Structure formats: structure tokens, C-alpha cells
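**Q** okay, structure incoming, though there's no sequence with it:
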């Protein structure tokens, strides 16, 4: 009976602690399954905790956390696939590093986007990656067009088979993309019906095998 009483008290203490932690998460406006961290000196917070896909949803047969990176590893697929944040963002600056294995394939970073009901598609703006689309601003599964073509001299700034750095800034109607320090798109959205907020998603494009890696995903919401 003594051992049973000790066990009951231990379980009660564990449950109380879990409730306290969960309650604090909700009080801070954070989902229990989202990565949490204090902002850095510039106010940026990580979108990825470096070890799990907490806060993200998608096909985990294609997407994984590995070596401090988010990895999209495709054997070749018929439809575009996306790993998406569970949270929506409006005005923000996003910083991310990415690499295409051997510089082969097509990927991108969706933002102010949404899942298309009854489909595997994601609709919205995309900071494009790969092939002849590096640095372009594309409108995925909506207007299906390049909104801004990247400058021709971007080639000199690319590291096609190594790490590159995107900075994506969306504030009001203005969107800017910067790739390896070079501005590749500066766009003003004139259509007031286009949403000014949405999910962020990483793309593995349909077609042949490819591997894309993302790291150092940081976001600052703009007031």
C-alpha cells in the first residue's frame, strides 16, 4: 500500500506539471505542437526547431527533419507536394537558406498561401527555386504566372549546387525577394481581392527525383 500511494502521488505531480506547461503555452498564444523560442536581437523567431517537424503539416514520407535541416526527398512524384506551417502569417520578413542536391530540380517557398480544398495543391505567392525560375516571384495554382522575372545577371550570384539565402518580405501590398543579397523581385499587388495573409509552405515539385534542403528558417512578424 505504501508503494501504491507513492506511485499515485508521482503520477499526480507529473500530470500537474504537464497541465502547467500546456496552460502556459496556450496563454502565450502558442500551440503545444509548435516550436517555441525567444526572438533574437532583431526580433526573428525560428520556424523550425532543428530536430522535428512540430508546427508543420504535409506528407511525412517525403519530408523529414535531418541534421538540423528540413529535407524534401522525392523519388519522383506526379503532383507538387508541400510541407506547410499550421500558422498563418500576414506582414512579415522571412529568412531561409536552401540547397538543391546537385542543383537539380524545382522547389520554392510559398507564402500568403492556402491549401486548395480537394487537391494536393497550394495556392499563393511563391519565391521560386531551380531550373530557369531562380529568384522569380510566381503565383502558384492561382494566376499560374510569373509575376516578376528575376534579373538576368542573377546567375553570377547563384550557388546552384550549394547553399543560397532567400529574404522574403511581405508588407501590405508590397512584396520583395532577395536572393544571396540581390533583389530579384519588387512587386506591388494591385488586386485587392488577393489575400494579405496565409500559410508558409515548402515545395517539392512534380517530376523526377530531387532532394531539397532548408535550414535557418527565421521569421519576424511586422506590425
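**A** Yes, it's here. All values reported here derive from a predicted model rather than from experimental measurement. Numbering: from 1, shown residues only.

**Q** list the helices and strands the helix or strand hosting residue 97 packs on?
**A** Element membership for residue 97 (DSSP states H and E) is strand 92-100. Counting contacts by 3 or more CB pairs under 8 Å, 6 or more residues apart in numbering; DSSP states H and E, strand 92-100 is packed against strand 106-115, strand 122-130, strand 164-171, strand 210-221. Where you see a C-beta, it was placed from the backbone N, CA and C, and this is true even at glycine.

**Q** can you give me how far that strand is from the chain middle?
**A** 8 Å (CA atoms, centre = their mean, to the nearest Å).

**Q** tilt between it and strand 122-130?
**A** Here strand 92-100 runs at an angle of 50 degrees relative to strand 122-130 (axes from the mean of the first three to the mean of the last three CA atoms, to 10 degrees).

**Q** which pLDDT value does the model give residue 8?
**A** pLDDT for residue 8: 59.

**Q** likewise residue 174?
**A** Residue 174 is given a pLDDT of 98.

**Q** buried ones in stretch 148-165, by neighbour count?
**A** Using 16 or more other CB atoms under 10 Å as the test for burial, stretch 148-165 gives 148, 150, 154, 158, 164.

**Q** wait, I meant stretch 81-88
**A** So, applying 16+ other CB under 10 Å, buried residues of stretch 81-88: 81, 82, 83, 84, 85.

**Q** between these, which is nearest residue 70?
**A** residue 83 (6.8 Å; CB to CB).

**Q** quick check: next helix or strand after the helix or strand of the chain with the lowest mean pLDDT?
**A** Lowest on mean pLDDT, DSSP states H and E among the helices and strands of the chain sits helix 2-27, with a mean of 49. Per DSSP H and E, the first helix or strand lying C-terminal to helix 2-27 is strand 45-46.

**Q** I'd like to know which elements the helix or strand just after that following strand is packed against.
**A** Going down the chain from strand 45-46, the next helix or strand is strand 56-57, by DSSP H and E. Strand 56-57 sits against strand 81-85, with contacts defined as 3+ CB pairs under 8 Å, 6+ apart.

**Q** paired strands for the strand it packs on, with orientation please.
**A** strand 56-57 (antiparallel), strand 199-204 (antiparallel) (DSSP bridges).

**Q** return the most buried member of those.
**A** strand 199-204 (a mean of 25; mean count of other CB atoms under 10 Å).

**Q** if we can go back for a sec, can you list the strands paired with strand 81-85 in a markdown table and add mean pLDDT?
**A** Shown next, in a markdown table, are those (pLDDT from 0 to 100):
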| stretch | mean pLDDT |
| --- | --- |
| strand 56-57 | 98 |
| strand 199-204 | 98 |
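
**Q** right, and those - which one's nearest residue 44?
**A** Proximity to residue 44, assessed across the strands paired with strand 81-85 by CB to CB, is greatest for strand 199-204 (13.8 Å).
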